[in-house]
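J.: what follows is a protein structure lacking sequence information:
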């Protein structure tokens, strides 16, 4: 199972547990609704942060692969040019 799925499952479980805990708490409905909204917003902010971190990680890996491919193609090009010069001699 991928790390992203595990994190998403944990966050969803925490959110659901929080909501159920608040729903069964002995408080006024308006207070409960405010708590649910605040907790939901906190969970959304957490998910946004995690998603942003995930995208940053993917971007870094993409840039690394891009650099590696460029280095590899430059190396192949140089070797090809060297071989071509040797063949012409």
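T.: Cool, the structure landed. This structure is a prediction, so every number in the text was calculated from the model and none was measured.
J.: alpha carbons only for contacts and neighbour counts from here, please
T.: Will do.
J.: any idea how far residue 3 is from residue 46?
T.: Noted for residue 3: a distance of 16 Å to residue 46, by CA to CA, to the nearest Å.
J.: and residue 85, by the same measure?
T.: Distance of residue 85 to residue 46, computed by CA to CA: 59 Å.
J.: now residue 17
T.: With distances defined as CA to CA, the gap from residue 17 to residue 46 amounts to 16 Å.
J.: distance of the residue nearest to the spatial centre of the chain relative to residue 40?
T.: Note on the chain: the residue nearest the mean C-alpha position is residue 54, at 1.6 Å, using CA atoms, centre = their mean. For residue 54, the distance to residue 40 equals 21 Å [CA to CA].
J.: neighbour count: residue 85 and residue 46, which is higher?
T.: Using other CA atoms under 10 Å, the more surrounded residue of residue 85 and residue 46 is residue 46, with 13 against 10.
J.: chain center to whichever strand or helix holds that one: distance?
T.: According to DSSP states H and E, residue 46 maps onto helix 29-88. Centroid separation between helix 29-88 and its chain, computed with CA atoms, centre = their mean, to the nearest Å, is 8 Å.
J.: which residues are contacting the helix or strand encompassing residue 14?
T.: Element membership of residue 14 [criterion: DSSP H and E] is helix 3-23. Around helix 3-23, the neighbours that count as contacts under CA atoms under 8 Å, 6 or more residues apart in numbering are 32, 35-36, 39-40, 43, 47.
J.: need the pLDDT of the residue lying farthest from the centre of the chain.
T.: Within the chain, the residue lying farthest from the chain centre (CA atoms, centre = their mean) is residue 89, at 53.6 Å. Per-residue confidence at residue 89 stands at 70 (pLDDT).
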